[in-house]
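J.: I'll drop the sequence and a predicted model, then ask my questions.
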Amino acid sequence: MRIASDLIQKNNLSCQSAMEADYEALGEHLHRNSIDIAQLTRRAGQFGVAIPSWGVGTGGTRFARFPGLGEPRHVFDKLDDCGVIQQLTCATPTVSLHIPWDDAEPNELKEKAASVELNFDAMNSNTFQDQTEQRHSYKFGSLSHNDSATREQAVEHNIRCIEIGKSLGSKALTVWVGDGSNFPGQTHMGRQFDRYLDAMKQVYAALPDDWQLFTEHKMYEPAFYSTIVQDWGSSYLIASELGEKASCLVDLGHHAPNVNIEMIVSRLARFGKLGGFHFNDSKYGDDDLDSGSIDPYRLFLVFNELVELELQQGDAFQPAYMLDQSHNVTDPIESLMSSAMEVQRAFIQASLVDREALANYQLDNDALMASQTLKQAFRTNVDPILQFSRLQSGGAIDPIGAYRESQYRQTVSAERPLVTGASGGIV
Ligand code: AFD
Ligand code: MN
Ligand code: MN
């Protein structure tokens, strides 16, 4: 199911000389500012962001879902699609699985992943839906439910995710729950939080020593009045209560509009609790739009903090990077490729910031020049660096062009039947 390597090579040949000229010009420009383009290119090559297995299917809203052609039928098809994304972009070496959506025999999963040169990132549990043959419903909550048997079932599910992950080589569990309430008075917010903490402590106790547990906050939805892990403050409290292996996961779409996410990043990292990210973009809420499609400057500002933290903390600073998006009107493979490249772009742009100059402008209270220093890095077109890095790694200079030329979607749609029906549903 891979893209033929001669097709990639042919496609690369058609754009290589233009890319080389741009790379040389950018190299000279950066050299004037004492930046080594070869070093940045290596840095781009080392960058990786995980693909969410659920992102390769067509998404939807609660109104409708419009299935696309050749959608993956199961986790093995999903891994094929993720393999193509990695093959062309060389920026997505891992996949994050969601259980039970991706339930399968672990050895078969491992074998399949190896065949498309992928590894497994964080495991995701799912206690926001009911599954067939499930004894207790999550309609009124899971890890924080009033009923202890329901909480136990949710704890067991999370422990099962850890067990599966262990056999796959994963090293982290991400927990996001929809628990909350829809009406004032519906729940006792204090007692509900206590129940949640107690359940999470049981999950935490099952975590291997070399694993991490990420708690993911989200402001609202599906609960519309109160949500148990509503904000980064709640997430921080949970991670602190649980212990060293627990930290916070920041999904860019899970805040109120205009919230200063880069400041949250700085705060969490300052207290050692920044675990990782779910990248996406949004205009109004948890829109799950493609990374960098609405506000690329905000993505850059997040990476500006991350690069600064990396300089301060060195190799000890290893936040987990993942995409978490819903592709409703595009080919998910194209959206995920373009998003991975946007995230990688923000990382490289942030690496261009003249940090010494910035620190001095900050000391001098020179607000204008401080902001210009960031803007200068953000305005630099680093495309040639990303392109050259992909070429060096055996990927495509122009992943979307090569993908379209390969007719991959048309080929797989011959064996993957169209999923009909107009069901709604956010994935
Ligand atoms: C949610 C969260 C979370 C979860 C996903 C499920 O972002 O990461 O796993 O969607 O589709 O909104
Ligand atoms: Mn998320
Ligand atoms: Mn979300």
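T.: Thanks, I have the structure now. Ligands and ions are numbered 1, 2, ... in the order given.
J.: and the stretch 151-300 of the chain, which residues reach ligand 1?
T.: Residues of the stretch 151-300 of the chain lying near ligand 1 by CB under 6 Å from any ligand atom: 176, 216, 218, 251, 278, 286. Placement of C-beta: from N, CA and C, glycine included.
J.: for the last one, give me its contacts.
T.: Residues touching residue 286, when contacts are defined by CB atoms under 8 Å, 6 or more residues apart in numbering, comprise 218, 219, 221, 251, 253, 254.
J.: how about 6 Å then?
T.: Counting by CB atoms under 6 Å, 6 or more residues apart in numbering, residue 286 touches 253, 254.
J.: and it, what helix or strand is that in?
T.: Taking DSSP states H and E as the definition, one finds residue 286 inside no helix or strand.
J.: how near is it to residue 216?
T.: Using CB to CB, to the nearest Å, one obtains 11 Å as the distance from residue 286 to residue 216.
J.: what about residue 259, neighbour count?
T.: 14 (other CB atoms under 10 Å).
J.: hang on, I meant residue 98
T.: Neighbour count for residue 98, taken as other CB under 10 Å: 20.
J.: re the thing from before, turn the residues of the stretch 151-300 of the chain next to ligand 1 into TSV, including pLDDT.
T.: Output for those, formatted as TSV (pLDDT from 0 to 100):
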residue	pLDDT
176	98
216	98
218	98
251	98
278	98
286	94
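J.: these in strands, which ones?
T.: Per DSSP state E, strands hold the following members of these: 216, 251, 278.
J.: just put the residues you listed in a markdown table and tack on distance to residue 225 and neighbour count.
T.: A markdown table is the format used below for those (distance: CB to CB, whole Å; neighbours: other CB atoms under 10 Å):
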| residue | distance to residue 225 | neighbour count |
| --- | --- | --- |
| 216 | 20 | 21 |
| 251 | 20 | 22 |
| 278 | 24 | 28 |
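J.: so which of those residues comes closest to residue 5?
T.: Looking at those and their distance to residue 5, the nearest is residue 278, at 31.8 Å (CB to CB).
J.: didn't that closest one look like it was pressed against residue 324?
T.: Yes. Contact criterion CB atoms under 6 Å: residue 278 and residue 324 qualify, at 3.5 Å.
J.: what do those two both touch?
T.: Common contacts of residue 278 and residue 324 (CB under 6 Å, 6+ apart): residue 251.
J.: hang on, residue 213 in a strand?
T.: Yes. Under DSSP: H, G, I helix; E, B strand; the rest coil, residue 213 sits within a strand.
J.: residues of this protein that sit close to ligand 2?
T.: 251, 278, 324 (CB under 5 Å from the ion).
J.: need those in TSV with distance to residue 401, can you?
T.: Converted to TSV, the residues of the chain next to ligand 2 look like this (distance: CB to CB, whole Å):
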residue	distance to residue 401
251	30
278	28
324	26
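J.: chain neighbours aside, what residue packs nearest to the residue in the chain positioned nearest to ligand 1?
T.: In the chain, the residue found nearest to ligand 1 is residue 176; the distance is 4.0 Å by CB to the nearest ligand atom. Nearest residue to residue 176, sequence neighbours excluded (CB to CB, 6 or more residues apart in numbering): residue 216, at 4.0 Å.
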